[in-house]
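Participant: Sequence and predicted model, in that order:
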Protein chains: 2
Amino acid sequence: MSAQEVAERAGVSRSAVSRTFTPGASVSADTRRRVLEAAEALGYHVNHLARGLMRNESGIVCLIVSDVATPYRSALLRELTIQLQNAGKVAMFVNTDRSDGSVDRALQQAIRYRADASIILSGLPDKSITQLCLRSGQRLVLINRDDDQPGTLKINLDDYESGGRIATAFVRAGCRTLAFANSEARTPSLMGRERGFIAAAETLGLEVVVERYGSTGYEAGRVLAQRMLTRAERPDGVFCATDLLACGFMDAARHQFGLSIPDQLCVAGFDDIEQASWSSFDLTTFAQPVTAIASQAVKWLAGGREDEPEEAHSITLKAELIWRGSIRKG
Amino acid sequence: MSAQEVAERAGVSRSAVSRTFTPGASVSADTRRRVLEAAEALGYHVNHLARGLMRNESGIVCLIVSDVATPYRSALLRELTIQLQNAGKVAMFVNTDRSDGSVDRALQQAIRYRADASIILSGLPDKSITQLCLRSGQRLVLINRDDDQPGTLKINLDDYESGGRIATAFVRAGCRTLAFANSEARTPSLMGRERGFIAAAETLGLEVVVERYGSTGYEAGRVLAQRMLTRAERPDGVFCATDLLACGFMDAARHQFGLSIPDQLCVAGFDDIEQASWSSFDLTTFAQPVTAIASQAVKWLAGGREDEPEEAHSITLKAELIWRGSIRKG
DNA sequence: TTGTACGCGTTATCAA
DNA sequence: TTGATAACGCGTACAA
């Protein structure tokens, strides 16, 4: 089922077949019809491997992800794949969940398949590898990772400012003892939230207890609650670096410590995962603008490569505060 | 950065380069070393587009999915991508979240990229398209969808039997009024659970109230609770077709109806999503054997195409009952 | 073991 | 508008 066979059956040349399937090429209506008929009968589909080889443009965009099964990650993934498809691209998926250095191997995979671009949602690749990507004409998008590579697009959120906004909200709610529950990951975005929260609290005349443990998941949230809620001076306003941490924290606070939220304890999170809106949590949190993130990434990828020759392009998006019932009304 | 350039730099022929990167080809140690050096210096990577063209085997496996952001789907996706990578394949991702007939377009995408196989996690393709896939040498795996195509692998669970097992558990817990909360989707797997549950309940001398509404998500679970818990004879043992339905159901039962679980109401779900183990839910449920599903799929894909020429291969896996606190101990 | 020559399916170029 | 031909980067049969 190659163009050759379609051409023979339609009684035209191979070029005519190729033109029929190339948007904007000049074919007579009659030729076109006969080609399409023959293609339909034979079940012919253009071979994108060969097309990519010729055009030096595969149409493939590589998504490099870890922790796919996490609510926030899968939501972002969903948005990215949809928008990539709308832009005529196809998503290749590399899961970096296990060993270290796997981001580098993932990028090599992308290079081997001549991906037009790679979008990195987690982990940080070695400089030498990213350089290799750029040299081989691949575009690079880094989401929520802080790196300064020329020729890449960085998309970040206003983590620091968000930390400040939620500190103000806690104070308005009458909280006296603030705390920040973080993971040990020390990702720039997580640390940004922490620093912004602390800075704003200091301005408001309050100190912040910081505790860091494990990953950014539910279980770590439980452990953090056990550590923080047994302190002599128990916090009454806790900002968790992610919603999953917040869910674990709230569950432990309620079921193990018998605390009432928001009466005895105010909690906030970050990401606005679906579970945050469930009535068991009803969590006040910041929404990651996943749609905007994806559209910015795709727009940049689809755009010509001429405009930004060497500079690193950086975009900062605003996280929207979603007000729910886990913080008392001021 | 083609094999040609590497060959020139290494002072060997292009074939020598090709052989160096072909496992099991015969190259002298010296030639091999010089080729690898040159390749490293030039940042050369084999072009898998061209290799796929030659070998008539792209190494690409297409994952066709909708509702990616759903906990169960993303967990299965995670497992599949990991195991595919371990088997030396690469995952291509097609999201069918929007219009109808998009599964067919997804499969066409797979054909265009000459995917070695497609794994369908949701939706059901048209017969003509699957035939086209098979004719073009593509292997097809259907997970939890009931279809009878020769040459495909079907992986299903013992949904019917699971429904029966949980009915017994409810009766042992002393439940008198059973109910089944389902979505309107009428998927074979969902209907299997429903029928098995009803059949077993009848055997035990109990009738089952069945209600179907919306999708398989949290919100539908809330609505179902509102409908079922306002009935004259309120159910005291509810099997929800999925964990997400169960979460919505439990939240509504507790926060809107003030019911205590499992004292006044026993609930069970299906999938064993991460949230089922959270202490807010502590949900008794059936675990989808995602690891086994993925490994069966990958094993079949990796296996030679000789063994099962025309027959449809079907595998039924067992869902494991995960006992938690949402059902009283008998 | 090594190199030469050809074909994989496509698009781009050019002459008709 | 159409068809012949070259080229994309690779694997491999074949001859050396």
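Facilitator: Cool, the structure landed.

Participant: what's near enough to touch A:E161?
Facilitator: A:196, A:318 (Cβ atoms under 8 Å, 6 or more residues apart in numbering or on different chains). (C-beta placed from N, C-alpha, C; glycine too.)

Participant: so it, which of the three states?
Facilitator: Using DSSP: H, G, I helix; E, B strand; the rest coil, the structure places A:E161 in helix.

Participant: Could you check the pLDDT of it?
Facilitator: Note on A:E161: pLDDT of 98.

Participant: how close does it sit to A:C175?
Facilitator: 19 Å (Cβ to Cβ, to the nearest Å).

Participant: Same check on A:V68?
Facilitator: On the measure of Cβ to Cβ, A:V68 and A:C175 end up 35 Å apart.

Participant: Equivalent analysis for A:G330, please.
Facilitator: A:G330 is 10 Å from A:C175, by Cβ to Cβ.

Participant: more neighbours, those two?
Facilitator: Neighbours were counted for A:G330 and for A:C175 using other Cβ atoms under 10 Å in any protein chain shown; A:C175 has more, 22 against 10.

Participant: Is it correct that A:C247 is in contact with A:F281?
Facilitator: Yes - contact criterion Cβ atoms under 8 Å: A:C247 and A:F281 qualify, at 5.8 Å.

Participant: More neighbours: these two, which one.
Facilitator: A:C247 (29 against 25).

Participant: So which elements touch the helix or strand where the more buried one lies?
Facilitator: A:C247 is located in helix A:243-255, with elements delineated by DSSP states H and E. Here helix A:243-255 touches helix A:71-86, strand A:178-182, helix A:218-228, strand A:237-240, strand A:266-271, going by 3 or more Cβ pairs under 8 Å, 6 or more residues apart in numbering or on different chains; DSSP states H and E.

Participant: at 7 Å what do you get?
Facilitator: Helix A:243-255 sits against helix A:218-228, strand A:237-240, strand A:266-271, with contacts defined as 3 or more Cβ pairs under 7 Å, 6 or more residues apart in numbering or on different chains; DSSP states H and E.

Participant: Now render the ones you listed as CSV, adding distance to DNA strand D.
Facilitator: Conversion of the helices and strands packed on helix A:243-255 to CSV gives the following (distance: least, Cβ to the nearest atom of the strand, whole Å):
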stretch, distance to DNA strand D
helix A:218-228, 44
strand A:237-240, 48
strand A:266-271, 41
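
Participant: Just name the most buried of the ones you listed.
Facilitator: strand A:237-240 (a mean of 30; mean count of other Cβ atoms under 10 Å in any protein chain shown).

Participant: list the helices and strands that one packs on?
Facilitator: So strand A:237-240, by 3+ Cβ pairs under 7 Å, 6+ apart, packs with strand A:178-182, helix A:243-255, strand A:266-271.

Participant: Only C-alpha atoms, please: export that strand in CSV.
Facilitator: C-alpha atoms of strand A:237-240 as CSV (Å, rounded to 0.1, in the frame of the first residue of the first chain):
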residue,chain,number,x,y,z
GLY,A,237,-3.0,28.3,59.3
VAL,A,238,-1.1,25.9,57.1
PHE,A,239,-0.1,26.5,53.5
CYS,A,240,0.7,23.2,51.7
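
Participant: That one - what's its average pLDDT?
Facilitator: Here the average pLDDT along strand A:237-240 is 98.

Participant: Please apply the same query to stretch A:267-280.
Facilitator: The model assigns stretch A:267-280 a mean pLDDT of 98.

Participant: Now do it: everything it contacts.
Facilitator: Stretch A:267-280 is contacted from outside by A:71-72, A:166, A:193, A:238-243, A:245-247, A:249-250, A:261, A:281, A:283-288, A:322, A:326-327, B:218, B:247, B:251, B:255, B:275, B:280, using Cβ atoms under 7 Å, 6 or more residues apart in numbering or on different chains.

Participant: Leaving out sequence neighbours, find the closest residue to A:K318.
Facilitator: A:D158 (5.4 Å; Cβ to Cβ, 6 or more residues apart in numbering or on different chains).

Participant: Give the other helices and strands that the helix or strand bottoming out on mean pLDDT in chain A contacts.
Facilitator: Confidence across the helices and strands of chain A bottoms out at helix A:127-135, with a mean of 84, counting by mean pLDDT, DSSP states H and E. Contacts defined by 3+ Cβ pairs under 7 Å, 6+ apart place helix A:127-135 against helix A:102-112, strand A:139-143.

Participant: Please identify the one among those that comes closest to DNA strand C.
Facilitator: helix A:102-112 (16.3 Å; Cβ to the nearest atom of the strand).

Participant: Can you name every helix or strand that the next helix or strand after the closest one contacts?
Facilitator: Sequence-wise, the next helix or strand downstream of helix A:102-112 (DSSP H and E) is strand A:117-120. Secondary-structure packing of strand A:117-120 (3+ Cβ pairs under 7 Å, 6+ apart): strand A:60-65, strand A:139-143.

Participant: any idea which of these is most buried?
Facilitator: strand A:60-65 (a mean of 26).

Participant: Kindly calculate the angle that that one makes with helix B:71-86.
Facilitator: 110 degrees (axes from the mean of the first three to the mean of the last three Cα atoms, to 10 degrees).

Participant: what are the pairing partners of strand A:60-65, and which direction each?
Facilitator: Paired strands of strand A:60-65, with direction, are strand A:90-95 (parallel), strand A:117-120 (parallel) (DSSP bridges).

Participant: Quick one: mean pLDDT for that strand?
Facilitator: pLDDT averaged over strand A:60-65 gives 95.

Participant: and the angle from it to strand A:139-143?
Facilitator: Using the same axes, to 10 degrees: strand A:60-65 against strand A:139-143 is 30 degrees.

Participant: so where's the stretch 51-200 of chain A uncertain?
Facilitator: Applying pLDDT under 70 to the stretch 51-200 of chain A flags residues A:99-101.

Participant: interface residues of it facing DNA strand C?
Facilitator: A:51, A:53-55 (Cβ under 7 Å from any atom of the strand).

Participant: Which members of those are positioned in helices?
Facilitator: A:51, A:53-55 (DSSP state H).

Participant: and the residues you listed as a markdown table, adding neighbour count?
Facilitator: Below are those laid out as a markdown table (neighbours: other Cβ atoms under 10 Å in any protein chain shown):
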| residue | neighbour count |
| --- | --- |
| A:R51 | 18 |
| A:L53 | 17 |
| A:M54 | 9 |
| A:R55 | 10 |
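
Participant: any idea which of these is closest to B:L77?
Facilitator: For those, the residue nearest B:L77 by Cβ to Cβ is A:R51; the value is 27.7 Å.

Participant: can you tell me how far that closest one sits from chain B?
Facilitator: 9 Å (Cβ to the nearest Cβ, to the nearest Å).

Participant: just A:T81 next, same as before
Facilitator: Taken as Cβ to the nearest Cβ, the span from A:T81 to chain B is 4 Å.
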